[in-house]
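[1] My questions are about this predicted structure, shown below with the sequence.
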Amino acid sequence: SAVLLFFYLGYSTPQKKYYYVMYAGAALATLTKGPIGFLLPGLIIFLFLAVTKSWQELKQMKLCSGTLLFLIIGLPWYLAMISLHGDAFTKTFLGTHNLLRATVSEHPRDNVIYYYTLVNILALFPWSGFLPQCLWQKFRKQGSWQRPDDLTVFLLLWAAIVFVFFQNMATKYITYTYPLLFPAALLLGRYLAVKGSRVFSRGYLLFHGLFYAVLAGAVYWCRFKGIAPVQDEFLVLLTALAGLGLVYAVKSCNKKYLTAAVAAMALFFNLALIPTVAVPLSGLRSGKQLALQLQNKYPEKAEIGLYGEYPTSAVFYSGKKLVKLLPQEEIEGFKPKAFSWSSKNVMPYAELKSYAGVKDNVVVVQRKALQGFMDNADTYLLLAGENKGWYIVQG
């Protein structure tokens, strides 16, 4: 975001020193996220210059001195890592965490065409309902099609290329397309600033109300189905109803405050979701409580076996060595290998039967993996405790 922001400041103002901040931002992005840190913003800048036919701007972009600054900031760490780790660094960092993420899905269930569409409609809400009319206004004026101004073109390219780029990556994460929220917010902010309360059509307000109804319904559905340990779901419904009432009251009385009313509703609704959904769901996904129980119940044991998903938070909070237990036939496939998702398996592991068969060994078993554990352990174990989806057993 800094790369693209300072590129446009350098492009659109006489202050060409902004380009140096652009190169520094690219170096920091490359240190943080790898080659994508300069490749993706570089692609957006290239396409913007192509669309606007502004190739002459390359003469002003400090290409030589800026590239030198980029290398001074970004290159030393990569050289140090290659020197220290050699081939292992390039295979793991560049191979697994860059090339493999692009070509082989880490979570195949999320590799669907509509994934980022849904993610960004939700992430931009309550403003995402304005997108169709905002884009229509940018390209259509007085009954004819037109090319928008340079800033609009730049923001549209920025958002669209981020979306298309990550949509075509095999591995999808909810955070990957977050960089498009910045240009989308600027586009929608400019649109609201110009149009004011006129943007709040009946269609948008209907979408607005239906969306909150769906979100509140989803909270109740999670509670009803036991998907998440939702607490005080009535607070979510009450907040949604009160917020919708506020929006429609403001629309009737003083339309100029509609934007503030919609923003306030979004804020209070999200605040209501924190205690009702976010906190209990985070507790369900964390191994902290399990770790504290292990710490209190077995203070003398430095090592404990684990069967099922491997919660790294349990390692952190317990201070104990958790050994992942596997059936004999799964061990070979689990071993870390280059250019494979198994390269992420860096935790200690052992064969299930031999570990569980040792007297006094403590094993934590995930509840949903209990049947697999019983089928493969082939030994008698005593149930010693239970904690939020985990059984603690002892030989």
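    That came through, no problem.

[2] Is it correct that residue 103 is in contact with residue 170?
    Yes - between residue 103 and residue 170 there is a contact under C-beta atoms under 8 Å: 5.5 Å. Just so you know, the C-beta spots here come from the backbone N, C-alpha and C atoms, and that holds for glycine as well.

[3] So for the two, which sits in the more crowded spot?
    Under the neighbour definition other C-beta atoms under 10 Å, residue 103 and residue 170 were set side by side, and residue 170 has more, 14 against 11.

[4] tell me which element the residue nearest to the more buried one when sequence neighbours are not counted falls in.
    Excluding its sequence neighbours, the residue lying closest to residue 170 (C-beta to C-beta, 6 or more residues apart in numbering) is residue 105, at 4.3 Å. Using DSSP states H and E, residue 105 falls within no helix or strand.

[5] Please state the backbone phi and psi of residue 105?
    phi -70, psi 130 (degrees, to the nearest 10).

[6] residues near it, how many?
    Neighbours of residue 105 (other C-beta under 10 Å): 15.

[7] and it, what does it touch?
    By C-beta atoms under 8 Å, 6 or more residues apart in numbering, the contact set of residue 105 is 111, 170-172.

[8] Out of those, flag the one nearest to residue 330.
    Using C-beta to C-beta, residue 171 is the member of these that lies nearest residue 330, at 22.6 Å.

[9] so that closest one touches residue 99, yeah?
    No - with contact defined as C-beta under 8 Å, residue 171 does not count as touching residue 99 (10.8 Å).

[10] So between the two, which is more surrounded?
    residue 171 (19 against 13).

[11] For this protein, give me the ranges with low pLDDT.
    227-228, 380 (pLDDT under 70).

[12] Show me how the record splits it into domains.
    Annotated domains of the chain cover 2-185, 200-284, 288-394 [automatic domain parsing].

[13] roughly how far is the first one from the heart of the chain?
    Spelled out, it's domain 2-185. Relative to its chain's centre, domain 2-185 lies at 16 Å (C-alpha atoms, centre = their mean, to the nearest Å).

[14] what about the helices in the stretch 101-250 of the chain?
    Remark: helices assigned in the stretch 101-250 of the chain by DSSP state H, counting those that start in this stretch are 101-103, 115-124, 131-139, 150-167, 181-195, 202-225, 233-253.

[15] mind listing the strands for the stretch 201-350 of the chain?
    303-307, 321-326, 349-351 (DSSP state E, counting those that start in this stretch).

[16] which of the ones you listed sits most buried?
    Across the strands of the stretch 201-350 of the chain, averaging neighbours per residue (mean count of other C-beta atoms under 10 Å) puts strand 303-307 on top, at a mean of 22.

[17] I'd like to know which elements it is packed against.
    strand 321-326, helix 352-356, strand 362-366 (3 or more C-beta pairs under 8 Å, 6 or more residues apart in numbering; DSSP states H and E).

[18] Which one, of the ones you listed, ends up nearest to residue 250?
    Per C-beta to C-beta, nearest to residue 250 of these: strand 362-366, 49.3 Å.

[19] in the following helix or strand past the closest one, what counts as buried?
    Counting by DSSP H and E, the next helix or strand C-terminal to strand 362-366 is helix 370-377. By neighbour count on 16 or more other C-beta atoms under 10 Å, the buried set for helix 370-377 is 373, 376-377.

[20] repeat for stretch 176-185
    Buried residues in stretch 176-185 (16+ other C-beta under 10 Å): 176-177, 179-180, 182-184.

[21] And for stretch 96-113?
    Neighbour-count burial for stretch 96-113 [16+ other C-beta under 10 Å]: 96, 100-101.

[22] Would you reformat the residues you listed as a markdown table and include distance to residue 42?
    Conversion of the buried residues of stretch 96-113 to a markdown table gives the following (distance: C-beta to C-beta, whole Å):
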| residue | distance to residue 42 |
| --- | --- |
| 96 | 23 |
| 100 | 22 |
| 101 | 19 |
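
[23] how near is the closest residue to residue 188 other than its chain neighbours to residue 263?
    Nearest-residue entry for residue 188: residue 127, 4.9 Å, with adjacent residues in sequence omitted and distances by C-beta to C-beta, 6+ apart. Separation of residue 127 from residue 263 (C-beta to C-beta, to the nearest Å): 9 Å.

[24] Next: residue 204.
    Residue 204 is 14 Å from residue 263, by C-beta to C-beta.

[25] related to what we said a few turns ago, mind putting the domains of the chain in JSON lines, distance to residue 191 included?
    Output for the domains of the chain, formatted as JSON lines (distance: least, C-beta to C-beta, whole Å):
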{"stretch": "domain 2-185", "distance to residue 191": "4"}
{"stretch": "domain 200-284", "distance to residue 191": "11"}
{"stretch": "domain 288-394", "distance to residue 191": "42"}
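
[26] out of those, nearest to residue 192?
    Nearest to residue 192 among the domains of the chain is domain 200-284; the distance by C-beta to C-beta comes to 5.9 Å.

[27] Quote the end-to-end distance of that closest one.
    From its first residue to its last, domain 200-284 covers 39 Å (C-alpha to C-alpha, to the nearest Å).
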